[in-house]
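Novice: Got a predicted structure plus its sequence, pasted below:
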Amino acid sequence: MITLHTSLAATAVAVLAGCTTPPPRLEKPVLTPGDPSAPSQVTPAEAIVIAQRLSTHPWRPFSKNILHGKDAGGVIVHTPDTGFRDQPGRPGWWIPGEVNTGIPYKWGGFDDPASFDAAIAIGRAAGDVSSPAKRSADNAAVSTQAAGVDCSGFVSRCLKLPSVHDTAKLPSVCTPLQNATDLRPGDLLNIPRRHVLLCAGWASPDRQWIYFYETGGAPDHWRPGLKQAPLEALLALGYVPLRYNGMAAESRTDGKQILSRSALTSAEVVNNPTIGEP
């Protein structure tokens with residue numbers, strides 16, 4: 001039998017529940033689409049998510065994925081495994097038989113996680129480091145027997161481009177920024193025929209330090225990662241700030257609202273940046 005007190009209490013709870021104000025909805029950032037004639041369309045958040053995915057992708061290589069010598073086509077390949085020590089100060093890093101993270105650097109590489117995993121599974125070489133000889137030979141030094149991604153391949157993937165755009169071609173699909181402090185997540189810092197970085201946000205409120213993703217640069221030369229460095233030092237090296245024409249303009253421009261807290265804490269500090277590999 002339900003008592004009067006119980007019935008009144010239940011009624012009061014029901015009334016109060018009906019009067020409860022629902023929590024306010026968080027408005028999604030307003031996006032202005034990029035140039036429809038651009039090769040692809042992408043948002044700042046999408047570009048950063050792709051960069052994180054390429055930088056943290058887990059994979060397990062084996063001895064069959066190591067190559068130090070000529071591939072089947074006669075191209076010299078050096079995988080950046082822990083046995084690579086040919087370039088002092090720029091050693092290899094991945095360990096066969098263990099789970100490694102980050103798709104390794106490959107001269108001329110344009111792999112995404114799926115194509116990279118498929119190549120590793122059939123015994124392709126896991127990466128191919130850059131060298132003066134490769135830079136001189138350019139496309140002729142690109143191995144079809146190796147898998148990975150180089151700096152322009154990395155950025156091209158982040159921009160969802162249908163094909164790789166190297167550092168000389170990227171400016172043709174971008175617009176230069178008049179002021180580097182206008183950089184937003186998803187923008188680029190580029191040196192034609194040298195190297196390119198993907199802006200990930202501002203590391204300091206005064207916009208003197210910047211977060212960026214890259215592969216082929218210090219301190220982990222042969223794998224992609226998130227880093228932070230003084231903007232002035234990067235500009236002094238000759239980097240030009242660019243915005244991809246297909247990049248959607250987002251109402252929020254602070255990179256900290258895109259990058260996760262764990263990503264921010266993992267960013268490598270590069271006090272004295274140098275130009276990495278293309």
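Specialist: Perfect, thanks for sending it.

Novice: can you give me the helices for the stretch 51-200 of the chain?
Specialist: With DSSP state H, counting those that start in this stretch, the ranges of helices along the stretch 51-200 of the chain come out as 113-121, 132-137, 151-158.

Novice: now the angle between helix 151-158 and the longest one, please.
Specialist: Helix 113-121 and helix 151-158 meet at an angle of 130 degrees, taking axes from the mean of the first three to the mean of the last three Cα atoms, to 10 degrees as the criterion.

Novice: tell me what helix 113-121 is packed against?
Specialist: Using 3 or more Cβ pairs under 8 Å, 6 or more residues apart in numbering; DSSP states H and E, the elements in contact with helix 113-121 are strand 58-59, strand 146-147. (C-beta placed from N, C-alpha, C; glycine too.)

Novice: Please work out the average pLDDT along it.
Specialist: For helix 113-121, mean pLDDT rounds to 98.

Novice: would you list every one of the strands in the stretch 1-150 of the chain?
Specialist: Using DSSP state E, counting those that start in this stretch, the strands of the stretch 1-150 of the chain run over 31-32, 58-59, 68-70, 76-78, 100-101, 125-126, 146-147.

Novice: hmm, I was thinking of the stretch 151-278 of the chain
Specialist: With DSSP E, counting those that start in this stretch as the criterion, the stretch 151-278 of the chain has strands spanning 174-176, 188-191, 195-202, 209-214, 225-230, 240-244, 249-250, 268-269.

Novice: how close does residue 72 get to residue 124?
Specialist: With distances taken as Cβ to Cβ, to the nearest Å, residue 72 is found 11 Å from residue 124.

Novice: Neighbour count: the two, which is higher?
Specialist: residue 124 (25 against 8; other Cβ atoms under 10 Å).

Novice: That one and residue 147 touch, don't they?
Specialist: Yes - between residue 124 and residue 147 there is a contact at 4.6 Å, judged by Cβ atoms under 8 Å.

Novice: so where is the chain shaky, pLDDT-wise?
Specialist: For the chain, applying pLDDT under 70 flags the ranges 1-29, 251-257.

Novice: can you do 50?
Specialist: Counting by pLDDT under 50, the low-confidence segments of the chain come to 1-19, 26, 255.

Novice: Need the nearest residue in space to the residue nearest the centre of the chain, chain neighbours excluded.
Specialist: Closest residue to the average C-alpha location of the chain: residue 51 at 2.5 Å, with Cα atoms, centre = their mean. Distances taken as Cβ to Cβ, 6 or more residues apart in numbering put residue 213 closest to residue 51, at 4.1 Å, once the chain neighbours are dropped.

Novice: Distance of that neighbour relative to residue 77?
Specialist: In terms of Cβ to Cβ, residue 213 sits 25 Å off from residue 77.

Novice: These two: which is more packed in?
Specialist: Comparing residue 213 with residue 77 by neighbour count (other Cβ under 10 Å), the higher total belongs to residue 213, at 27 against 23.

Novice: give me the beta-bridge partners of that one?
Specialist: With DSSP bridges as the criterion, residue 213 is bridged to residue 198, residue 226.

Novice: Please give me every residue in contact with it.
Specialist: 48, 51, 55, 154, 158, 197-198, 200, 224-227 (Cβ atoms under 8 Å, 6 or more residues apart in numbering).

Novice: could you dump these to a markdown table with distance to residue 90?
Specialist: What follows is these, written out as a markdown table (distance: Cβ to Cβ, whole Å):
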| residue | distance to residue 90 |
| --- | --- |
| 48 | 27 |
| 51 | 22 |
| 55 | 18 |
| 154 | 17 |
| 158 | 23 |
| 197 | 18 |
| 198 | 21 |
| 200 | 23 |
| 224 | 15 |
| 225 | 14 |
| 226 | 19 |
| 227 | 16 |
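
Novice: Mind checking which of these are buried?
Specialist: Neighbour counting by 16 or more other Cβ atoms under 10 Å classes 48, 51, 55, 154, 158, 197-198, 200, 224-227 among those as buried.

Novice: Can you name the two of those residues that sit furthest apart?
Specialist: Farthest pair in the buried ones among the contacts of residue 213 (Cβ to Cβ) is 158 and 227. Separation: 14.8 Å.

Novice: gap between the spatially closest residue to residue 63 that is not a sequence neighbour and residue 60?
Specialist: Nearest residue to residue 63, sequence neighbours excluded (Cβ to Cβ, 6+ apart): residue 96, at 5.2 Å. In this view, residue 96 and residue 60 are 9 Å apart by Cβ to Cβ.
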